[in-house]
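Student: no sequence on this one, just coordinates:
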């Protein structure tokens, strides 16, 4: 008998029919002899509807009240899910984040979990019940006010609760069968990955793969908690996100050690923009002034390239990428230091895409870069910027080339599957 | 400076525009130098929509989960109202029933308040903030589960909180200007009552007047808390529900002692049915057997009439009234004792109406019954049953005669106003 935490996103509980389907799965898991704790997001578009309502009343609502409002969403979904389980003969009990012991700081809208004290959940489990916990929410330790965890919050609730309860696995149900070697909408022959390391998953999350949020993967890695990403629309095994050692152990026991792929996935991120600071005087301290101004403005910088100084001009160009939504703030921050830095002008280019190759195996396989760049060249993809980590290579190219690039690289690394992947619907929070 | 509890029903906060209007009123009250605590119901049809959702998932949801679901309604309205007040420069903070210290028993769906410990509310007041409290909900003392108070719950929350905080008055905002001498939709010349005793208000609530729920009036009477019933759509003074002594004191200080009306109101209740148990053997213990069976089935009996035994038959008829929704249960309960009681048959008649005259002044005015019955006779209203209390006379007649009866009695007691009353819209919970 295992203790399993199952998390269902908004698309998995979008309407009464979906709620009943999810309830059936939970009851079946319980009937198979497991203890089950469920974490659920708000139904379908509930959160957006509540945000609309807030906007009608106030252009800039206080964070405390916005959190109070948004947490009504999970309150509805968890109660309804508990009813559906009850209707199937299961003993479900719903708990708010506060009741489940999700203790956070008081940063409304983006609270951090600082403790998990799930005594009511363990009590319910010991009585044979199925606790249904509201995702995305907690209670502030100091003010006792209701908080929300921000983006990816429900996944983080599930992982944090699984860690606190000593669960064997945290199952994250979504609308795809698991983690794929590429987005199946871009690469129809993308294949499902069976195992992936926390580190690879973090890199994929950082470069645009939407399956899991960075924060919940970080939390799981810290406590070595297995995450099972799978579809709420099918019974297939999904993707296990575990440590490299755990993967090795599993492959050894399965006798499939030799099959370990070098590359876990190829991803494209179309949400970044490229900003070039033109004509920066080529003297010490200029880069520090530029990136200091951007940091003060809270801009998340991703890649940075500085060209060699053009002959005799004494000036150079500094190029960086940041989220498209941050370019207005970035240019404002840079213009405020233009006179002191003495650069000539700014160029903003939103028509870029970042294409990334992620794989723990590339550490020990020196030929990866060569294969990557020759695949891109053969596909006619122009490389504008390059950045690498130990287990990732990313390039920047034109938005229009992004999908060609992903497909070419996917094929070049032998990732194409025989059949086509199945895609089901929207995504939850 | 006073401490005022203001309660707004669902129709007063039906949409963003209404919420803003209510927010303005609250901010104005605060600006006038008062401390304000607000109690709010769910917006418009929210509760019905949540009930629909529950029904789609389960035909018989557990009370604990239904309460969890329904309390999402006030969570939304209170957060949105707090945002609207904040937008007008006020410092509002929303609190759930649990956070506000509304401690109840664990009777889900119809919980009774057993304690009110509003330490967070007094703390907010001492910091100059405006606490917004969710009506209708509390937390069970033993299980710590979320509860709802059932019908009239938000009014009861407001009164209980006002008592616990030592408020000067509890203002109940509704869609009419106050308590009227009759339903203005039936009697266009109905006039607003300025003062009414708790006892009269209880009688009026019991005989079909919908303005205040019995339970909240009982609570206010027990602690002698003034209730001010007024419209959220106008600034007019409404109706004060206070003790008889308080009314006398106010009239004396106003020099209007002589004007005290004998009658406070005339009401019709069309929701009862009449059940006649035909041919009951005329011997001791039969009535006890009949009403014992009805009590065991949980039927609320209102009026009872037993005819004199018909000559030589040794049998009599027993007639009672109960809510129309209870007649199926009542006949089933009676049929289960038919063989032991030995009655002949049952007649159910839903086409009846109860018309009631309520007034503390009738105690000292012996002519009231005579005026009442002659007005009914002149209007051609047939009287089928009669029941009286110290401050009320009720009769049962045909449904088709009810409104004629109300109008005739209203005129006979000189209650008709010069102008017509204003009616605004729906009702809250």
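Tutor: Looks like it arrived, so ask away. Keep in mind that this is a model prediction, so the values were computed, not measured.

Student: now do the SS call for residue A:229.
Tutor: Assigned with DSSP: H, G, I helix; E, B strand; the rest coil, residue A:229 falls in the strand class.

Student: number of residues surrounding it?
Tutor: Neighbour count for residue A:229, taken as other C-beta atoms under 10 Å in any protein chain shown: 24. No exception for glycine: its C-beta is placed from N, CA and C like everyone else's.

Student: that one pairs with what?
Tutor: Applying DSSP bridges to residue A:229 yields these beta-bridge partners: residue A:172, residue A:239.

Student: which ones are touching the residue nearest to residue A:24 when sequence neighbours are not counted?
Tutor: Excluding the flanking residues, the one nearest residue A:24 by C-beta to C-beta, 6 or more residues apart in numbering or on different chains is residue A:88, at 6.4 Å. By C-beta atoms under 8 Å, 6 or more residues apart in numbering or on different chains, the residues touching residue A:88 are A:23-24, A:27.

Student: what does chain A have sitting close to chain B?
Tutor: A:16, A:19-20, A:50, A:53-54, A:56-62, A:64-66, A:68-69, A:71-72, A:75-76, A:78-80, A:82-84, A:86-87, A:92-94, A:99, A:120, A:144 (C-beta under 8 Å from any C-beta of the partner chain).

Student: point out where the stretch 251-400 of chain A drops to low pLDDT.
Tutor: For the stretch 251-400 of chain A, the stretches with pLDDT under 70 are A:257-260, A:308-311.

Student: returning to what we had before: so which of the contacts of residue A:88 is the most crowded?
Tutor: Greatest neighbour count in the contacts of residue A:88, by other C-beta under 10 Å, goes to residue A:23: 28 neighbours.

Student: I'd guessed that one sits against residue A:87; true?
Tutor: Yes - if you go by C-beta atoms under 8 Å, residue A:23 and residue A:87 touch, sitting 7.4 Å apart.

Student: quick one on the thing from earlier: and which of the contacts of residue A:88 is nearest chain B?
Tutor: Nearest to chain B, judged by C-beta to the nearest C-beta, of the contacts of residue A:88 is residue A:23 at 8.1 Å.

Student: name the nearest residue to the closest one, ignoring sequence neighbours.
Tutor: Leaving aside its sequence neighbours, residue A:23 is closest to residue A:84 (3.7 Å, by C-beta to C-beta, 6+ apart).

Student: so residue A:4, which of the three states?
Tutor: strand.

Student: from chain B, how far out is it?
Tutor: Counting by C-beta to the nearest C-beta, to the nearest Å, the gap from residue A:4 to chain B is 22 Å.

Student: after whichever helix or strand the residue nearest to residue A:23 is part of, next one along is what?
Tutor: If you go by DSSP states H and E, residue A:84 is part of helix A:63-87. Toward the C-terminal end, the helix or strand that comes next after helix A:63-87 (DSSP H and E) is strand A:92-95.

Student: in that following strand, what's buried?
Tutor: Residues A:92-95 are the ones in strand A:92-95 that count as buried (16 or more other C-beta atoms under 10 Å in any protein chain shown).

Student: for the stretch 1-150 of chain A, what spans make up the helices?
Tutor: In order along the chain, the stretch 1-150 of chain A carries the following helices (DSSP state H, counting those that start in this stretch): A:16-31, A:46-57, A:63-87, A:119-126.

Student: and residue A:154, which of those is closest to it?
Tutor: Residue A:154 lies closest, by C-beta to C-beta, to one member of these: helix A:63-87, at 7.8 Å.

Student: ok, the residue lying farthest from the centre of chain A - contacts?
Tutor: The centre of chain A is farthest from one residue, residue A:312, which by C-alpha atoms, centre = their mean lies 45.9 Å away. For residue A:312, the contact set (C-beta under 8 Å, 6+ apart) is empty.

Student: confirm it sits in a helix?
Tutor: No - looking at residue A:312 with three-state DSSP, it is coil, so not inside a helix.

Student: now it: how far from chain B?
Tutor: Applying C-beta to the nearest C-beta, the value for residue A:312 to chain B is 59 Å.

Student: returning to what we had before: just send the contacts of residue A:88 back as CSV, with pLDDT and distance to residue A:210 too.
Tutor: Shown next, in CSV, are the contacts of residue A:88 (pLDDT from 0 to 100; distance: C-beta to C-beta, whole Å):
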residue, pLDDT, distance to residue A:210
A:23, 97, 26
A:24, 97, 26
A:27, 97, 29
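
Student: from those residues, which is closest to residue A:235?
Tutor: Nearest to residue A:235 among those: residue A:24, at 11.2 Å, using C-beta to C-beta.

Student: just to revisit the earlier point, out of the helices of the stretch 1-150 of chain A, flag the one nearest residue B:235.
Tutor: Each of the helices of the stretch 1-150 of chain A has some distance to residue B:235 by C-beta to C-beta; the shortest is helix A:46-57, at 22.3 Å.

Student: can you give the distance of that closest one from its chain's centre?
Tutor: Relative to its chain's centre, helix A:46-57 lies at 24 Å (C-alpha atoms, centre = their mean, to the nearest Å).

Student: can you report how many residues lie near the residue in the stretch 201-350 of chain A that chain B sits nearest to?
Tutor: For the stretch 201-350 of chain A and chain B, the shortest gap (C-beta to the nearest C-beta) falls at residue A:232, measuring 16.4 Å. Neighbourhood size, residue A:232 [other C-beta under 10 Å]: 23.

Student: same check, this time on residue A:387
Tutor: A count of nearby residues for residue A:387, using other C-beta under 10 Å, gives 16.

Student: OK, contacts around it?
Tutor: A:302-303, A:393-395 are the contacts of residue A:387 under C-beta under 8 Å, 6+ apart.

Student: got it, and residue A:41?
Tutor: When contacts are counted by C-beta under 8 Å, 6+ apart, residue A:41 touches A:7-10, A:13, A:73-74, A:77, A:135-136, A:154, A:428-429.
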